[in-house]
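Undergrad: Provided below are the primary sequence and the corresponding predicted coordinates.
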Amino acid sequence: MPELPEVETTRRGMLPMVGKTVKSVSIRHPTLRWPIPQHLIETLPELNLKALTRRAKYILCEFGNPTTHGFLLLHLGMSGRMQVLDRAYPPEKHDHFDVAFTDGSVLRLRDPRRFGAVLWLENKNHALLDSLGPEPLEEAFDADYLHTALGNKTLAIKNAIMDAYVVVGVGNIYASESLFRARIHPETSAKKLNLKQCERLVAEIKNTLQDALDAGGSSLRDFFGTDGNPGYFQQEYFVYGRTGEPCKVCGKAIKNIRLGQRSTFFCAHCQKR
DNA sequence: AACGAGACCTGGCAGC
DNA sequence: TGCTGCCAGGTCTCGT
């Protein structure tokens, strides 16, 4: 499920755990994208969860006590979700990783496809975080920045905005949605966007993600119970997943092409190259 | 250097 | 009913 809005919603759902102290760690299936470090079983207990932050689609759990300090980095991959449990319910098939706290509550990662990640960082200077582009909802991501970042890139604009070096957090759903709202054809060569188009695209990326964040928050309100909701089910998309259905603006059929090996949805009438 | 393709996994669904 | 093939929200790594 996780695009940026759901990762942020997940982070917010985890906030009640801040201030708690770790009792134990369970690693049931360590082979995610990278192996979950076994030393977490010794490292985390007795540490206090100080803060929860997010960078791109990474959730950073800051742990510390007077002698040890570090960050548990979580990534949900394609199919991961975090559960906040009031006690250690029996784990199900894809519940790979638990952090249990001294009050009995449990933070649990479920990830059927195992594209997610759990890593331990001594500090935030890590290769995964170092060269990321700006956050889409922050001011640094503006039309001038995007226009410069696209530079002489010849690749399709849809692929460009999904590149985390250009801007983080724009996944496959919202890339299509943002481009529709900005009336830009997804196959347009990135370097061909003028400043005006970059203005529209930046604005619509922000709008699309903010709308999804608002909707995600409500659709996932009870996500942290014993079982998660499918997520996104309350959302209405303009183009994503609507192949052959009428465009909500002009009525023409929505098209579906492969771009960068990903499904891409657009309206050939509303979106210009 | 920039870009495209492959790789990592499991589950769900359409079609036969 | 059961099999096969295809598709899915991400992103690192490798080859051209």
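TA: That came through, no problem.
Undergrad: near DNA strand B, which residues of the stretch 101-250 of chain A?
TA: Residues of the stretch 101-250 of chain A lying close to DNA strand B by CB under 7 Å from any atom of the strand are A:112, A:113, A:114, A:115, A:152, A:153, A:154, A:155, A:156, A:159, A:190. (Glycine included, C-beta is placed from N, CA and C.)
Undergrad: what's the farthest-apart pair in those residues?
TA: Spatial extent of these (CB to CB) is set by the pair A:112 and A:152 at 40.4 Å.
Undergrad: contact partners for whatever residue of chain A ends up closest to DNA strand C?
TA: Going by CB to the nearest atom of the strand, DNA strand C is nearest to residue A:171 of chain A, at 2.2 Å. Contact partners of residue A:171, counting by CB atoms under 8 Å, 6 or more residues apart in numbering, are A:2, A:3, A:4, A:57, A:162.
Undergrad: can you rerun that using 6 Å?
TA: Residues in contact with residue A:171 (CB atoms under 6 Å, 6 or more residues apart in numbering) are residue A:3.
Undergrad: ditto for the one 5 residues further on
TA: Listed by CB under 6 Å, 6+ apart, the contact set of residue A:176 reads A:239, A:240, A:264, A:265.
Undergrad: inside strands: which ones of those residues?
TA: The strands, defined by DSSP state E, take in A:264, A:265 from the contacts of residue A:176.
Undergrad: which of the contacts of residue A:176 sits closest to DNA strand B?
TA: Among the contacts of residue A:176, residue A:264 lies closest to DNA strand B (CB to the nearest atom of the strand), at 12.1 Å.
Undergrad: for the lowest-mean-pLDDT helix or strand in chain A, enumerate the helices and strands it packs against.
TA: One helix or strand of chain A scores below all others by mean pLDDT, DSSP states H and E: helix A:195-219, with a mean of 89. Packed against helix A:195-219 by the contact rule (3 or more CB pairs under 6 Å, 6 or more residues apart in numbering; DSSP states H and E) you find helix A:4-14, helix A:143-150, helix A:172-181.
Undergrad: so the shortest one versus helix A:195-219, what angle?
TA: Orientation of helix A:143-150 against helix A:195-219 (axes from the mean of the first three to the mean of the last three CA atoms, to 10 degrees) gives an angle of 100 degrees.
Undergrad: just the buried residues of helix A:143-150, please?
TA: By 16 or more other CB atoms under 10 Å, the buried positions in helix A:143-150 come out as A:143, A:145, A:146, A:147, A:149, A:150.
Undergrad: skip the chain neighbours and tell me the closest residue to the last one.
TA: This points to residue A:150. Among residues not flanking residue A:150 along the chain, residue A:190 sits closest, at 4.4 Å (CB to CB, 6 or more residues apart in numbering).
Undergrad: that'll do, ta.
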